[in-house]
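Undergrad: 3D model of this:
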Amino acid sequence: MCGITGYYSSEGKIKKQDLLLMSEALKHRGPDAHGIFNDEIAGIAHRRLSIIDLSESANQPMHSHCGRYVISFNGEVYNYKELSMMLGEPLKTSSDTEVVLQAFVKWGLNFVSTLFGMFAFAIYDKQKKEFFFFRDRTGIKPLYYFWDEKTFAFASELKSLLQIQFVKNQLEIDSTAVNEYLHLGYIPEPHSIYKNIYKFPSGCYAHFSGKDLTIKHYWNISEKISEHTIKNEQEAKKIIKEELISAVKSHMICDVPFGTFLSGGIDSSLVTAIAQSQSTQKIKTFSIGFKENKYDESAYARAVSKHLGTEHFEYFVTEKDAQNLIPELTDIYDEPFSDSSAIPTLLVSKMARKEVKMVLSGDGGDELFLGYGAYRWAERLNNPFVKAFRKPASLALKQLSNKYKRASFLFDYSDLSELKSHIFSQEQYLFSRNEIINILNPEIQQNFQLEENYNSCKRALTPAEAQSLFDMNYYLKDDLLVKVDRASMRNSLEVRVPLLDYSVIEAVLNIDKNLKFKHNISKYLLKQILYDYVPSSYFNRQKQGFAIPLQQWLKKDLKYLADEYLSDDMIKRFNLFDLRQVQKLKNDFYKKNLDYLYNRLWLLICLNKFLILKG
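TA: Here you go, the predicted model:
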């Protein structure tokens, strides 16, 4: 796990001194070693967090045996030992990076399909002066790039690109990204908050010739959906359990101490249980607790840890902890990012790093096994009767209590083709597209399209399955994985996500939906596997999620954020929002106690705070 960066500049707009600054900006991602390579028009740099082969010989940038190619690699390839045997040539290190580079040299671009892991890396051809780029199938590892048709630069994080004066001189806020952010709470691939800076797409590789950037898919999740599903419960359980054990076991390969994040929920408990079953020593587990009991799952995590026999560490979050971290969030995430669970993720990462250098996480279970309430809403809102009467239903619900007022927004959408993003936004308490039109000034408003049509799949998806696929393509990749990557790497901690092993994903995609949600139980099949390790009585409670009590905090100790960043002067300063609509939003939340509006307020706070600090 590392930080990578580099450039191509035939006109000399970027130089070696820029590369040094770009690398320094990623120091937190790789404090163990650093290196650069550059020639007259291009450069490549690397910051290393040593996890596999801790020797200096495995440092990067690494040159191929033939001397023609040089690589800067971020991530882990878990099947590198098998690939090294297939290569059939002597290696100089025991690192996965050398195997990746030599596999590219021997097998060419399509070798990426043989890689099993999480990664984003660049290979430079010193002879032809060309770059090749690769990103893992589900977008676990990040890669940004700047391209203005003449000058090219790339990096693991935006902050690295912003060290280049030539790039900084061209920065301009992307209004489409602002619209997407208000609707989703994050900015989805391929956009970033800036024009000319993009997120490299997941499941893709690219060839950069110096004049053209050609990007191609090597993996697409929709294409992995088969014509038929497995309907037999015992067969499905056997297949998925075997895949999960294999994934967790392979993700445990490392040369440093490691542990797991353990929230006490289904996903992290299962990953921890399998990891402990595969280990001869006690696994270290890490959890966060909250003083507000509604959000505290620490007792459940403690109980699971005791049952499994892990060595457990926990940390309790207070309002003060949150306040201390809030000034850092903009610098950590580099663009507007409203997922407030970044705060406990940062704290648990900081705690874990004191004990270990790598952890396993349970991310992906909800999206794969239909764990969110959004999937039930997808089924309801696709009901023909509900479609016909949704407008009257919305109006009626608006007259009732806050609980029903919030639900009224789910029925109020304009276009069926945008239903999936609408369901997501309203389940997350964010702005609907109609609300964005009201609150954004007209010159900032942009129509944006999100891929919501999965008719090309080999079988017809149920509404819940289609909603799940939407979350895999957007929420998981551009929110949850971003949150974990930046929070963990800020603390020089590697996080691996075995539930997102592509073999697990491909298997789960083709398990019948009725085995994922059965007897009115969400994540049914995953729970049956978990209960082989931990009794079901440990989980007889309502799903809570990894959240903080942001709604209460905004009413009390964090109210100053709304006062400062959503003041009339601040709204007028940036001229993005209709002042009256912002005033109404604040009044509805603070005086009318419409508590479901809290995340909309947080969105605006995060955006204006970003504009102040980065403007």
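
Undergrad: ok, longest helix in this structure?
TA: Ranked by residue count, the top helix of the chain under DSSP state H comes out as helix 233-251.

Undergrad: Name the helix or strand for the residue most central in space within the chain, please.
TA: The centre of the chain sits closest to Leu481, judged by C-alpha atoms, centre = their mean, with a distance of 1.8 Å. Using DSSP states H and E, Leu481 falls within helix 481-490.

Undergrad: wait, doesn't the residue nearest to the centre of the chain sit right on Gly139?
TA: Yes - with contact defined as C-beta atoms under 8 Å, Leu481 reaches Gly139; the gap is 6.1 Å. No exception for glycine: its C-beta is placed from N, CA and C like everyone else's.

Undergrad: list the contacts for Ile343?
TA: Val317, Asp321, Ala322, Leu325, Ile326, Leu329, Ile548 (C-beta atoms under 8 Å, 6 or more residues apart in numbering).

Undergrad: what number of residues lie near the second one?
TA: Read that as Asp321. 17 (other C-beta atoms under 10 Å).

Undergrad: So that it lines up with my notes, have the first residue be 36 from now on.
TA: With 36 as the first residue, the last one maps to Asp356.

Undergrad: Please name every helix or strand in contact with the one helix or strand Asn549 maps to.
TA: Assigned by DSSP H and E, Asn549 belongs to helix 548-551. When contacts are defined as 3 or more C-beta pairs under 8 Å, 6 or more residues apart in numbering; DSSP states H and E, helix 548-551 sits against helix 559-565.

Undergrad: let's go with 6 Å and repeat that
TA: Helices and strands in packing contact with helix 548-551 are not found; criterion 3 or more C-beta pairs under 6 Å, 6 or more residues apart in numbering; DSSP states H and E.

Undergrad: Can you pull out the low-pLDDT segments for this protein?
TA: The chain contains residues with pLDDT under 70 at 36, 327-330, 578-581, 650.

Undergrad: Mind splitting it into its structural domains?
TA: 37-254, 258-405+501-574, 584-650 (automatic domain parsing).

Undergrad: Figure out the length between the terminal residues of stretch 109-125.
TA: One end of stretch 109-125 sits 23 Å from the other (C-alpha to C-alpha, to the nearest Å).

Undergrad: list the buried ones in it?
TA: Neighbour counts using 16 or more other C-beta atoms under 10 Å place Asn109, Gly110, Glu111, Val112, Tyr113, Asn114, Tyr115, Leu118, Ser119, Leu122 of stretch 109-125 among the buried residues.

Undergrad: just the strands in the stretch 286-435 of the chain please.
TA: Assigned by DSSP state E, counting those that start in this stretch, the strands in the stretch 286-435 of the chain fall at 293-296, 319-325, 346-352, 393-395.

Undergrad: quick one, which of those strands is nearest to Asn255?
TA: In terms of C-beta to C-beta, the element of the strands of the stretch 286-435 of the chain nearest to Asn255 is strand 393-395, at 26.2 Å.

Undergrad: before we move on, back to that, pipe the strands of the stretch 286-435 of the chain into TSV and attach mean neighbour count and distance to Arg83 per row.
TA: Below are the strands of the stretch 286-435 of the chain laid out as TSV (neighbours: other C-beta atoms under 10 Å; distance: least, C-beta to C-beta, whole Å):
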stretch	mean neighbour count	distance to Arg83
strand 293-296	26	17
strand 319-325	24	23
strand 346-352	17	26
strand 393-395	27	14
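
Undergrad: is it possible to export these to a markdown table including distance to Ser557?
TA: Formatted as a markdown table, the strands of the stretch 286-435 of the chain follow (distance: least, C-beta to C-beta, whole Å):
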| stretch | distance to Ser557 |
| --- | --- |
| strand 293-296 | 21 |
| strand 319-325 | 22 |
| strand 346-352 | 26 |
| strand 393-395 | 22 |
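
Undergrad: what's the closest of these to Val105?
TA: For the strands of the stretch 286-435 of the chain, distance to Val105 was read as C-beta to C-beta. The smallest value, 26.1 Å, belongs to strand 393-395.

Undergrad: The closest one pairs with which strands?
TA: Using DSSP bridges, strand 393-395 pairs in its sheet with strand 293-296 (parallel), strand 529-531 (parallel).

Undergrad: Mind listing what's buried along whichever helix or strand comes after the shortest one?
TA: As assigned by DSSP H and E, the chain's next helix or strand after strand 529-531 is helix 537-544. For helix 537-544, the neighbour count (16+ other C-beta under 10 Å) marks Tyr537, Val539, Ile540, Glu541, Ala542, Val543, Leu544 as buried.

Undergrad: Could you pull out the buried residues of the longest helix of the chain?
TA: If you call a residue buried by 16+ other C-beta under 10 Å, then helix 268-286 has these buried ones: 268, 271-272, 274-276, 278-286.

Undergrad: which among the residues you listed gets closest to Ile49?
TA: Among these, His286 lies closest to Ile49 (C-beta to C-beta), at 36.4 Å.

Undergrad: Is the closest one in contact with Leu535, as I believe?
TA: No - using C-beta atoms under 6 Å, His286 is not in contact with Leu535, being 9.9 Å away.

Undergrad: shared neighbours of these two, anything?
TA: Listed contacts common to His286 and Leu535 are nil; contacts here mean C-beta atoms under 6 Å, 6 or more residues apart in numbering.

Undergrad: helices or strands up against whichever strand or helix holds Ile458?
TA: Per DSSP H and E, Ile458 falls inside helix 454-462. With contacts taken as 3+ C-beta pairs under 6 Å, 6+ apart, helix 454-462 sits against helix 409-416.

Undergrad: Look up the closest residue to Leu360, ignoring the ones flanking it.
TA: Sequence neighbours aside, Ile378 is the residue nearest to Leu360 in space, at 5.3 Å (criterion: C-beta to C-beta, 6 or more residues apart in numbering).

Undergrad: do the same with Asn643
TA: Tyr600 (4.3 Å).

Undergrad: follow-up on the earlier one: tell me the angle the longest helix of the chain makes with helix 537-544.
TA: Angle of helix 268-286 versus helix 537-544, following axes from the mean of the first three to the mean of the last three C-alpha atoms, to 10 degrees, is 160 degrees.

Undergrad: give me the number of residues near the closest residue to Ile256 other than its chain neighbours?
TA: Of all residues not flanking Ile256 in the chain, Met507 sits nearest, at 6.0 Å (C-beta to C-beta, 6+ apart). Other residues near Met507 number 20, with proximity taken as other C-beta under 10 Å.
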